[in-house]
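Q: here is the input, now give the coordinates:
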Amino acid sequence: MPICATCSREIAVESAFCSFCGSPNPETTPPEDLAELTADSEVLRRRLQVALGADFTVEEMLGEGGFAVVFAVFDRKLSRRIAVKVLRPELTASRASKQRFVREAESVARLNHPHIMPIFFVGEGGGLVWFGMPMVEGETLEARLRREGSLPEQEAARIGAEIADALAEAHAAGLIHRDIKPLNVMLHGPRGRVLVADFGIAKAAAGSVSGEKLTGTGVAIGSPHYMSPEQASGSDDVDLRSDIYSLGVLMWQMLTGSLPFEGSEYQQVLMQQVAREAPPVRSRRPDVSQALSDIVERCMRKDPAGRYQSAEEVAHALRLVLHRAPPARAGVRPWLAPAAAAGIAALALGAAAFWLGSRGIRAPGVETQAAAAAPVTASPVIAVLPFSAVTGGDTAQFARAGALMLAEALALRNGVATVDGNDLLGRWIAEGRRITAPLEEQARFAYDLGANQVILGTYVESGRSFRLSLTMYDTHDASRLWRDEVTGATDSLFALIDLIASRAALALCSQPAYNPGNICFDRPAQPRAAVSLTADAPSDTGSLRFHAFVDASGAVTDVRIAGQSRDPALTSRALGLVRDLTFVPAQRRSRPVAAWTEVEVGFRQPGSAGVTVASACDTPAYGARNPNRECYDTRPVPRTRLPIAQAPSSCPRQPSPATVLVRVSSEGTVEGAATLRVPSDCREFSAVAVALAQDIGFAPATKAGRPVAAWTQLMIQPAGAPPGGSE
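A: Numbering: from 1, shown residues only. Coordinates of the predicted model:
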């Protein structure tokens with residue numbers, strides 16, 4: 001069966017054109033006609049170059065469809081590559097049709113939404129109409145479905161919800177898409193954030209050829225496999241509910257890997273859209289939840305009155321499905337596990353009140369109070385709540401989508417652990433939360449999701465300008481940690497959200513022991529000596545952990561308790577030792593700077609050497625780094641080729657790696673318990689990584705040619721991820 005050169009779909013042998021995009025069938029089109037089409041693309045490129053002028057360089061063609069051809073273009077003024085979509089000249093033959101395209105493009109350009117492909121500019125000249133868009137890093141949903149077939153239920157629901165968000169924003173502005181299909185959905189970045197493209201183009205194209213469904217040159221007006229019954233029958237009464245039907249077809253395809261209505265001819269598919277009911281999703285894929293199958297069925301009802309009456313309703317319903325089965329998040333954890341809470345509750349009230357209260361940390365009461373006793377965490381986790389927004393479009397939709405975009409920028413481009421945006425939004429909707437709720441209520445909501453910090457934002461749009469103000473609060477006591485804002489033109493929203501996300505990440509550097517990937521410091525503060533405490537049969541078998549704030553001279557100016565002993569006297573003595581420590585200060589750009597760091601205090605039995613200071617190489621934070629080989633000549637190396645673990649099925653997708661800290665004996669076995677240093681984004685995979693690290697055999701470290709015990713770090717990769725290794 002022939003394959004379409006434009007969209008890579010199969011074309012019926014007897015069909016002269018692709019029923020998806022209208023491109024000619026390469027097996028029925030004479031070679032001279034194909035050569036002419038290729039030549040037409042080159043001619044079009046040259047015409048576009050003349051029309052754009054010297055400020056732009058038109059490079060290669062990126063793709064083409066029934067309505068337009070897309071070229072890569074270098075913008076000389078701003079030194080960036082963009083994509084320019086040129087409407088096919090046959091669709092813009094008259095002045096009226098050109099004006100119609102320009103109006104549609106200008107309407108879309110006024111939309112400002114994280115899930116709508118932004119339009120930089122609209123142009124007309126030399127007989128052409130075009131508009132400029134960002135060069136998106138990612139792939140179309142069409143390409144992903146072609147590669148994977150069907151998608152996991154949670155992923156399909158997420159993508160569907162984000163498409164519905166985009167439609168809701170457009171519908172609020174009076175725009176109907178009319179051509180929702182996989183080719184018009186881009187998946188941007190590693191997470192696959194949705195960007196919906198080509199709003200209004202089908203309507204403009206239909207008007208330019210007097211409402212015909214197919215022009216003489218084979219340009220398909222709309223895509224029959226995704227058309228609503230009213231659109232397929234040629235009705236003039238097409239409203240926003242037509243897009244909801246098309247989204248239902250797209251959801252059906254994402255979940256089953258096929259289309260509900262097939263046919264070798266364009267008209268055959270249209271007739272099925274009007275007259276036949278689609279089979280239930282569960283008849284093709286029984287493992288899909290009944291709730292999601294029902295959502296798709298309602299979207300695809302033939303009578304528009306029986307469908308959801310707004311795209312926002314669809315997004316709401318899909319996020320309720322996501323909320324009912326939320327994926328686990330690693331690094332997103334409550335501050336205090338129940339076992340730890342019980343231990344801390346055993347502290348004497350006087351000692352706890354003195355040591356915690358003097359440092360501005362809420363002290364636990366006599367009774368067990370896990371929340372009140374929560375210590376400061378070493379790994380901040382942020383929840384980004386829906387913004388308070390004043391815009392020209394749907395305020396609620398942008399308030400939610402803007403927060404999702406900020407959370408993505410924090411997590412993917414700044415390495416900050418965040419509460420999953422879709423999980424948060426699903427719970428927000430299910431609980432009927434309000435943006436105007438008191439700060440304490442918002443902080444408690446974020447705390448219950450496992451966040452240590454919460455970001456609240458206010459977005460104000462005026463004309464073509466906006467201001468985004470963000471404030472970060474501690475979820476434990478609702479104290480303000482940071483505030484900042486950015487202002488600019490609405491077409492720079494994406495870049496400025498990235499900018500303020502990076503500022504928020506740097507603001508976290510003031511949090512204890514936070515420094516993922518050395519984004520805060522080139523080198524964290526290190527104790528000049530390991531600290532141990534003489535104790536008679538200490539109740540804890542492990543060690544005590546503290547966070548120390550070290551100034552640029554290496555002196556300790558503040559200490560906070562991170563992991564406490566059940567014996568308040570031991571905690572008190574250890575805290576005194578930490579306050580007297582001397583550190584090698586942290587460095588940024590080769591200069592000493594003040595920074596928080598983590599300190600671990602171990603125990604030694606009475607009668608052992610009367611020295612309480614050991615080699616710095618015995619501390620995990622120092623020994624695992626081994627600067628200039630002063631600790632070991634060689635580091636422990638796993639005997640297995642790569643530390644790779646299989647991700648549990650409960651992880652929603654392939655998780656990120658997890659970094660685990662272990663101490664390896666001179667025999668090559670792991671001593672004590674492995675410690676999770678940098679969690680993955682799936683809690684279950686992090687647990688698997690810790691268990692795996694515990695059982696790995698090592699070639700031990702050496703010092704002066706002899707095997708010695710040593711600390712090391714392992715990056716445990718999920719199966720199928722790029723290889724990693726020990727530090």
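Q: what is the burial count for the closest residue to residue 284 other than its chain neighbours?
A: Distances taken as CB to CB, 6 or more residues apart in numbering put residue 256 closest to residue 284, at 4.3 Å, once the chain neighbours are dropped. Every residue, glycine included, has its C-beta placed from N, CA and C. Per other CB atoms under 10 Å, the neighbour tally for residue 256 reads 22.
Q: residue contacts, residue 256?
A: By CB atoms under 8 Å, 6 or more residues apart in numbering, the contact set of residue 256 is 150, 281, 284, 285.
Q: for it, give me the pLDDT.
A: pLDDT recorded at residue 256 is 91.
Q: point out where the stretch 451-600 of the chain drops to low pLDDT.
A: Judged by pLDDT under 70, the stretch 451-600 of the chain has its weakly predicted residues at 513, 516-518, 529-530, 535-542, 563-566.
Q: mind jotting down where the strands sit in it?
A: 453-462, 465-474, 480-489, 526-527, 530-534, 544-550, 556-563, 583-584, 586-588, 591-593, 595-604 (DSSP state E, counting those that start in this stretch).
Q: tell me the strands beside the fifth one, with direction?
A: So that's strand 530-534. strand 595-604 (parallel), strand 613-614 (antiparallel) (DSSP bridges).
Q: what are the buried residues along stretch 483-501?
A: 486, 490, 493, 496, 497, 498, 499, 500, 501 (16 or more other CB atoms under 10 Å).
Q: closest one of those to residue 182?
A: Comparing these against residue 182 with CB to CB places residue 493 closest, at 25.6 Å.
Q: wait, that closest one touches residue 466, no?
A: Yes: Residue 493 is within contact range of residue 466, at 6.6 Å (criterion: CB atoms under 8 Å).
Q: and the residue nearest the centre of the chain, which of the three is it?
A: Nearest to the mean C-alpha position of the chain, counting by CA atoms, centre = their mean, stands residue 408 at 3.8 Å. When classified by DSSP: H, G, I helix; E, B strand; the rest coil, residue 408 comes out as helix.
Q: thinking it is in contact with residue 421, fair?
A: Yes: when contacts are counted by CB under 8 Å, residue 408 is listed as touching residue 421 (6.9 Å).
Q: pull the number of nearby residues for residue 663.
A: Neighbour count of residue 663, defined by other CB under 10 Å: 20.
Q: let me see the ranges of the strands in the stretch 51-200 of the chain.
A: 56-64, 68-75, 80-87, 121-125, 128-134, 138-140, 185-188, 193-196.
Q: tell me which of these is the most buried.
A: strand 193-196 (a mean of 24; mean count of other CB atoms under 10 Å).
Q: contacts for it?
A: 114-117, 136, 159, 162-163, 165-167, 177, 180, 184-188, 404-405, 408.
Q: roughly how far does the closest residue to residue 718 other than its chain neighbours sit from residue 193?
A: Leaving aside its sequence neighbours, residue 718 sits nearest to residue 647 (CB to CB, 6+ apart; 4.5 Å). Separation of residue 647 from residue 193 (CB to CB, to the nearest Å) stands at 22 Å.
Q: check residue 507 too.
A: Residue 507 is 24 Å from residue 193, by CB to CB.
Q: and residue 478, by the same measure?
A: Per CB to CB, residue 478 is found 30 Å from residue 193.
Q: residues near the closest residue to residue 431 other than its chain neighbours, how many?
A: Closest residue to residue 431 apart from its sequence neighbours, by CB to CB, 6+ apart: residue 445 at 7.9 Å. Close neighbours of residue 445, defined as other CB under 10 Å, add up to 20.
Q: surely residue 445 is in a helix?
A: Yes: applying three-state DSSP, one finds residue 445 inside a helix.
Q: go ahead and confirm it touches residue 432.
A: No: applying CB under 8 Å, one finds residue 445 not in contact with residue 432, separated by 11.6 Å.
Q: ok, the nearest residue to residue 84 once chain neighbours are set aside to residue 160 distance?
A: Distances taken as CB to CB, 6+ apart put residue 73 closest to residue 84, at 4.6 Å, once the chain neighbours are dropped. Residue 73 sits at a distance of 32 Å from residue 160 (criterion: CB to CB).
Q: run through the residues that contact residue 433.
A: Going by CB under 8 Å, 6+ apart, residue 433 touches residue 445.
Q: so it: helix, strand or coil?
A: The three-state assignment at residue 433 reads coil, by three-state DSSP.
Q: check what pLDDT it gets.
A: Residue 433 is given a pLDDT of 85.
Q: do residue 119 as well
A: 82.
Q: one more: residue 332?
A: Looking at residue 332, its pLDDT reads 36.
Q: now swap in the one 4 residues further on and tell me
A: As summarised for this prediction, residue 336 has a pLDDT of 27.
Q: what of the one 5 residues further on?
A: pLDDT recorded at residue 341 is 28.
Q: what do you get for the one 5 residues further on?
A: Looking at residue 346, its pLDDT stands at 28.
Q: can you count the residues close to residue 268?
A: Neighbourhood size, residue 268 [other CB under 10 Å]: 15.
Q: tell me the buried residues in the helix or strand containing it?
A: Secondary structure from DSSP states H and E places residue 268 in helix 266-275. Residues of helix 266-275 classed as buried: 266, 269, 270, 271, 272, 273 (neighbour count, 16+ other CB under 10 Å).
Q: residues contacting the third one?
A: Taking CB under 8 Å, 6+ apart as the definition of contact, the neighbours of residue 270 are 213, 224, 227, 232, 233.
Q: same thing with the last one?
A: Applying CB under 8 Å, 6+ apart, we find residue 273 in contact with 224, 227, 228, 229, 232, 261.
Q: I'd say the first one and residue 232 touch.
A: Yes: in this structure, residue 224 is within contact of residue 232 by CB under 8 Å, at 6.8 Å.
Q: what about the helices in the stretch 201-350 of the chain?
A: 201-208, 229-232, 240-256, 266-275, 281-284, 290-299, 311-324, 338-345, 349-357 (DSSP state H, counting those that start in this stretch).
Q: what helices or strands is the fifth one leaning on?
A: Put plainly, it is helix 281-284. Helix 281-284 makes packing contacts with helix 240-256, helix 290-299 when contacts are defined by 3 or more CB pairs under 8 Å, 6 or more residues apart in numbering; DSSP states H and E.
Q: turn these into TSV, including distance to residue 527.
A: Putting the helices and strands packed on helix 281-284 into TSV (distance: least, CB to CB, whole Å) gives the following:
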stretch	distance to residue 527
helix 240-256	53
helix 290-299	53
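Q: between these, which one is nearest to residue 668?
A: When the helices and strands packed on helix 281-284 are compared (using CB to CB), the closest one is helix 240-256, at 48.2 Å.
Q: tell me the phi and psi of residue 702?
A: Main-chain torsions, residue 702, degrees, to the nearest 10: phi -130, psi 150.
Q: that one: neighbour count?
A: Using other CB under 10 Å: residue 702 sits among 16 other residues.
Q: please apply the same query to residue 303.
A: By other CB under 10 Å, neighbour count at residue 303 equals 9.
Q: quick one: contacts for it?
A: By CB under 8 Å, 6+ apart, no residues touch residue 303.
Q: any idea how far it is from residue 108?
A: Using CB to CB, residue 303 is found at 29 Å from residue 108.
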